[in-house]
Structures are given as C-alpha cells and as structure tokens.
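Participant: Kindly generate the corresponding structure for this input.
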Amino acid sequence: MKGQETRGFQSEVKQLLHLMIHSLYSNKEIFLRELISNASDAADKLRFRALSSPALYEGDGELRVRVSTNKEQRTLTIADNGIGMGRDEVIDNLGTIAKSGTKAFLESIGSDQAKDSQLIGQFGVGFYSAFIVADKVTVRTRAAGAAAEEGVFWESAGEGEYTVADVVKADRGTEITLHLREGEDEFLDEWRVRSIIGKYSDHIALPVEIETHTPSEEEGGEPTVTWEKVNKAQALWTRNKADVTEEEYKEFYKHIAHDFSDPLSWSHNRVEGKQEYTSLLYIPSQAPWDMWNRDHKHGLKLYVQRVFIMDDAEQFMPNYLRFVRGLIDSNDLPLNVSREILQDSRVTQNLRNALTKRVLQMLEKLAKDDAEKYQTFWLQFGLVLKEGPAEDGGNREAIAKLLRFASTHGDSAAPTVSLEEYVSRMVDGQEKIYYITADSYAAAKSSPHLELFRKKGIEVLLLSDRVDEWMMSYLTEFDGKSFQSVSKADEALDKLADDASDDDARKEAEKSLEPFVERVKTLLGERVKEVRLTHRLTDTPAIVTTDANDMSTQMAKLFAAAGQNAPEVKYIFELNPEHALVKRAADTGDDAQFGEWVELLLEQALLAERGTLEDPNQFIRRMNQLLSA
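Facilitator: Numbers count the residues shown, from 1 in each chain. Coordinates of the predicted model:
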C-alpha cells in the first residue's frame, strides 16, 4: 500500500492494552458501547463543523452508525459517516494516549489493582477496548472534506506496533473492523449484537443500524441486504423524564463520562420562561484518577438547540463542583458560540448560577435520603467541595450544610458529622462551634487543647485535611453560631475555663505564681508573644496558642507547602498552675535548672502544636538530663 509504515505504540498504550484486556475481560461486551460512543462523538463534531462549512456533509447529511457481521471471515464492523480522520490524527488518536499524568497513573497500578475493572474503566478506554475481543483491528477512515485518495488505513494486533498507510476511501467517516479471537463467536450473532446495542446505545441521538439479510424468494438467488435501525435515535435529554428508565440514565452517564461505574444520582430538568434550557447533571460515584492534575479537563457538554458545540465547557460550573458530569442544551446561546464568548456572556452567568444551585440541591437531597451514598460521595469528593466556602460566598450556607467532619463525639476517624448535627448537640451556655486543625486525625484527637472540652462534655470538630485551615478562614459562622479554633486565644474559652475552677482558689494560686510568670517572661523574652497561666488544661503542663487575629500554625504550614514565606507565628505560652511539672519549675531556685525546665515545657508545647521541633536532639538531651537529675 502507498505510504505504508510500521510504527511502535507509545509505551503507555502497550501498558494500558495489557491491563485493560485482562481486567475488563469479564465485561467484554462494553467494547461495542465504546466504539458506538466514539462514532456518536464523530457525528457530533461533524454537525458542529458543518455549521460554518456545510460542504463537509458532501451531499450526505443523514448521519448514522452501521454495524455488520461476517461469519465466514469472523469479523464485526462498526462504520460511521462522521468527521473522520487524517493521517496525523490517526497516529495521534490511535497510537498515543495524550492524557497528562498517564505514565504516573499506570505505574501506580499494582498487580492486584490491575484486576479492578473500575480502576481501568475510569481511564476511558475508548477505541482500545476493541482488543478485548479482537486479535486484530483494521481501521479505514477519511476526514470530511478531504479527497477520496486521502483515506488512511490503520491495522494492529494490539501488541507492540501498528501499520499505517494511504488508501482510497470514497465516503467520509471511519470504519473499524474487528477480527474476532477464537471463542468470541457470540459477537457474530445478529441477535446478540442487537441486544448489546439496545442495552448500551439506545439513548444515542444517532441512528444505529444493523445489517440484515432477507433470503431471496427465487431459488438460488442472493439474499437482500437491508439496514435496520435498532435504537430509539432520540437524544435522551430531549425525551420526557417519565419515559426514561433508570437504566437508560445510567448508560447515558457512562456514555458521556466514559466511566464504567454507575452514578450516585442525577437530575434532569427542562426550564422554560426567561431562559430556555435543558440540563442533565450527574454526581459520579468515584473520582477520576487525574482529578488533582492541573490539566484535568472538566465541565459540561454544551449543546445549543440540540447541536453539539463543545466538550468540557467549564464556564457552567464553579471549580469546587468540577466533579459534576453531564450536559446543558441551551436555546439562548448562539450556534457559533466560542469559549471566549461564553466567558463574558450574561446568559452563561445566569445558567452557571442556576446549575450551581441545582447541584447543591442534588447533594442536599442525597445526604437527606441516602446517608450511605452521601458518605461515598464525601470520601471521593469532599476535599473538592471544601474549596466552596472560599470560592462561592453566595452559596456558603448551602455548602456548609453539605460539609462532613470527624469529631470528639465518637471514636471514628470517618468524617460523618454535619454542622446541623453538631449544633443540635451543643450544651447549655455554649456560644460557639469549636474545632481544631492538625496534620492528622490522631494528632487532632490527642491534642491537649481538647482537655477542657472533654471535661465539660463539649464536642469539638477534628479537622486534618490540608485545605481545612484555609476553608475555615472563609467559613465564619453557621446557623448564627460563629466558629472558634480551640488553639486560638478567645474570651469564650477563658469563660469556659473560669467556670471550671473555684474563683477564690484560682485567684490565690495565680497571685502566688506572679513572680514565676514574670521570671518565665524574662527568660523567653521576644521568643513568645505572652506568658500566662491557664485553667484549660487537666493532664498537660503547658500549651501554646495564637492570638485571634494572628496566623495559625496550620495556615503557616499551608503557606510553606505552597512555597510562600509566611510571617513568623508568635505564640502565647500558657502554663497549667495545677500541674506537678509547672509547680516543680516554679520551685526551682537555680537559674540554669529553671531555664532547662522552662525550655522543656515550651518545647513540649511546641511539639504538640506543630508536630516538629527545630532541634529535636536538643529536646531529647534536655529531657534526659532533667529525668536523671
């Protein structure tokens, strides 16, 4: 063949093919869904391009997919008359995987995980799924508008390499022929193929036709070949909700999201009036493998008057809801709309506001109706939703209701506590919602800052995700109750502590320890912001806190992790006058020994607060010396 060359697959393609064939084999019929889905996308792209270049239709505007079998040659062919591909596109689309982070993703999959079809499925296997049932795949394609001589031939056995060549193809579009493996005869059976198309592709707006053979009435005559439409061929979102089954909604999700898992929930709405649009929004059940990749594409499919315009239209959904999949079909946007026009369009902004509210209502309903499903959602997407209070002030209250936390109310590290539940359990006289941020659940739960709250029976939210401190700087109140970090100095905390002890005895103890406090201040000087006694502690000799308006420890860590210089955190050093070690330090007359005790107490407090010390060896030396004294 003219222009023939043999090329090697990108190494990631080889890895993916191997993993996919072995992990998806138990659900191998999905290859037909994937190939028909790709054909549907090719038709959508042609419709869009033909808006400005009608000649691309080449006199044939009836778009469709045709499926045929040949039992003698053991082949199954899927052909479309969509946009088609040129030679460079064939090499890019069928020889490489362009997704960022692909290599790291594939390297992260161990042998046990490789058997997990969900993990491979979420990658979006598309064309390569053909190799699940075929030991050779042949592609003939020609781009719309190109000459017949500019057709492209592609063939591979799905191992290390593929062949590409020039070919004459009279009609535009793509024809994929699968040479079936031994034992895959079920996919040569017309009724089996029909049932798969009915199961997976009924929702596709494109007619899917199957080749049928009617025996000739004349003896020895050739059978008549006809093409029979086997799907509804009506865009699912344009149908009446009452006429769409749950299974059809699920399959449509898998088609548009290229996901193998069922969605957690969905919402299908047609809005008429000031603005006219239809939306079909889905909440996935698992996060895509590249959700935290900076190049991760997200957004809704955009249709205008049922004409496909673009994938990943991120303008219709705020970033903290980037996990939402689905589509919007607007009657108010122009057919020639671009991403730039969308960015500045008032229509877009109104749609974005409406769709955002719709998603938040979907999540609220899911949380109310099915706590188990909502917990699945939270574990997959909770970190993303936590970006919401900072990003979307207008919906902050609605987002706050959806947040989930671990707390001192139970022993589970699972974030299951809502703010509404917390408020309902607040004790008499409690004015604020108390929380603590730390590097881990264990560090938060064992923090000495919680001692007073345990004693008083007050619940504290335990926050341990990196984003939490940043989120709480925007989440200032809920249900009229303000939030209070237990590691910051505050009058409400002092009031709680004051109630915890006998007033006269406390004043007398504090007065007798005034010289001790002054002595500590003199020793530490500018290293701390203040030294004072506290009655917030029961088992711990000392803690450090920050002033209400000063940067917290966790915020400083957040700045450092982002490579930014943060102001030095100046701590308030609080000492427990009831603790034996504090009393021992106060009774030490020798200045050198006194200095060692104060330094040890401060280092202990800093270690509990920050999780690290600048000089841990010095701390160990000091502790050993005082223990052996």
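Participant: Looking at the residue of the chain positioned farthest from its centre now. What's its pLDDT?
Facilitator: The centre of the chain is farthest from one residue, residue 219, which by CA atoms, centre = their mean lies 62.9 Å away. pLDDT for residue 219: 73.
Participant: try residue 314
Facilitator: For residue 314, the pLDDT comes out at 89.
Participant: distance of it from residue 343?
Facilitator: Look at residue 314 and residue 343: by CB to CB, to the nearest Å, they are 10 Å apart. For the C-beta atoms, the positions are set from N, CA and C on the backbone; glycine is no exception.
Participant: Of the two, give the one with the bigger neighbour count.
Facilitator: Shown here are residue 314 and residue 343; by other CB atoms under 10 Å, residue 314 has more neighbours (16 against 11).
Participant: In this structure that one contacts residue 298, no?
Facilitator: Yes - under the criterion of CB atoms under 8 Å, residue 314 is in contact with residue 298, at a separation of 5.8 Å.
Participant: so where do the helices sit in the stretch 451-600 of the chain?
Facilitator: Applying DSSP state H, counting those that start in this stretch to the stretch 451-600 of the chain gives helices spanning 451-456, 468-472, 491-499, 503-512, 514-524, 553-561, 580-586, 591-610.
Participant: Work out for me the element residue 247 sits within.
Facilitator: Secondary-structure assignment from DSSP states H and E places residue 247 in helix 246-257.
Participant: I would like the residues contacting that helix, please.
Facilitator: The contact list for helix 246-257, computed with CB atoms under 8 Å, 6 or more residues apart in numbering, reads 33, 37, 40, 199-204, 236, 259-260, 262-263, 266, 268, 280, 282, 284, 301, 325-327.
Participant: what's the answer for stretch 378-391, then?
Facilitator: 284-287, 291, 318-323, 395-396, 399-400, 402-404, 415, 465, 467-468, 470-471, 473-475.
Participant: quick one: contacts for the residue nearest to residue 331 when sequence neighbours are not counted?
Facilitator: Nearest non-adjacent residue to residue 331, counting by CB to CB, 6 or more residues apart in numbering: residue 276, 4.0 Å away. Residue 276 makes contacts with 330-332, as judged by CB under 8 Å, 6+ apart.
Participant: pLDDT score for residue 276?
Facilitator: For residue 276, pLDDT reads 94.
Participant: got it, and the one 10 residues further on?
Facilitator: At residue 286 the predicted local confidence, pLDDT, stands at 89.
Participant: quick one: it is in a helix?
Facilitator: No - counting by DSSP: H, G, I helix; E, B strand; the rest coil, residue 286 is not found in a helix; it is coil.
Participant: phi, psi of it?
Facilitator: The phi/psi pair for residue 286 (degrees, to the nearest 10) reads phi -150, psi 150.
Participant: doesn't residue 260 make contact with it?
Facilitator: No - if you go by CB under 8 Å, residue 286 and residue 260 don't touch, sitting 9.6 Å apart.
Participant: Just list the residues touching residue 190, thanks.
Facilitator: Taking CB under 8 Å, 6+ apart as the definition, contacts of residue 190 comprise 69, 210, 212.
Participant: Only the buried residues of stretch 516-535, if you could.
Facilitator: 516-517, 519-520, 523-524, 528-529, 531, 533-535 (16 or more other CB atoms under 10 Å).
Participant: farthest-separated two in these?
Facilitator: Largest separation among those by CB to CB: 523 and 535, giving 22.7 Å.
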